[in-house]
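Peer 1: Got a predicted model here, sequence first, then my questions.
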Amino acid sequence: MKNIMLVCVAGMSTSLLVAKMQKVAKEQNIETDIFAISESEVDKIIQNKHVDVLLLGPQVRYLKGAFEVKYKEKNIPIEVINMTDYGMMNGANVLKQAIDLMR
């Protein structure tokens, strides 16, 4: 089971993307827990749950550097979701991005 965390401003704009990613993961028999949260919840979630990859919505890309420093010891890959994939809600491409980062 791979835990994929998506972060955006309020955790709501990524909910549709999460649903599309979950559908693709199910179709491909990939066991995942994909969830979206707001930037204010990241610390709490990372302290209480194992996260395999953290993907940032393009609107919070400015957090990448700070998160890389803050969570360095956790060895969590952190990347910004491709803006086109995010805008098109391309769950397949974003899931592939997450899986590639976990390798």
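Peer 2: Received it, and whenever you're ready, just let me know what you need.
Peer 1: which residues of the protein fall in strands?
Peer 2: Ranges of strands in the chain, per DSSP state E, are 2-8, 32-38, 53-56, 78-80.
Peer 1: mind putting the ones you listed in a markdown table, distance to residue 24 and mean neighbour count included?
Peer 2: Quick note: C-beta positions are derived from backbone N, CA and C, even for glycine. Shown next, in a markdown table, are those (distance: least, C-beta to C-beta, whole Å; neighbours: other C-beta atoms under 10 Å):
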| stretch | distance to residue 24 | mean neighbour count |
| --- | --- | --- |
| strand 2-8 | 12 | 22 |
| strand 32-38 | 10 | 19 |
| strand 53-56 | 14 | 24 |
| strand 78-80 | 18 | 19 |
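Peer 1: could those strands go into JSON lines alongside mean pLDDT?
Peer 2: Listed next are these as JSON lines, based on pLDDT from 0 to 100:
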{"stretch": "strand 2-8", "mean pLDDT": "96"}
{"stretch": "strand 32-38", "mean pLDDT": "96"}
{"stretch": "strand 53-56", "mean pLDDT": "98"}
{"stretch": "strand 78-80", "mean pLDDT": "98"}
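Peer 1: With distance to residue 94 as extra columns, can I get the ones you listed in CSV?
Peer 2: As requested, the strands of the chain are arranged in CSV below (distance: least, C-beta to C-beta, whole Å):
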stretch, distance to residue 94
strand 2-8, 8
strand 32-38, 9
strand 53-56, 7
strand 78-80, 10
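Peer 1: Quick check: which of the ones you listed is nearest to residue 26?
Peer 2: Minimum separation from residue 26 across the strands of the chain (C-beta to C-beta) falls at strand 32-38, 8.8 Å.
Peer 1: How far away from the center of its chain is the closest one?
Peer 2: Centroid separation for strand 32-38 versus its chain: 6 Å, with C-alpha atoms, centre = their mean, to the nearest Å.
Peer 1: who does it touch, helix- and strand-wise?
Peer 2: strand 2-8, helix 15-27, helix 91-101 (3 or more C-beta pairs under 8 Å, 6 or more residues apart in numbering; DSSP states H and E).
Peer 1: Thank you kindly, that will do.
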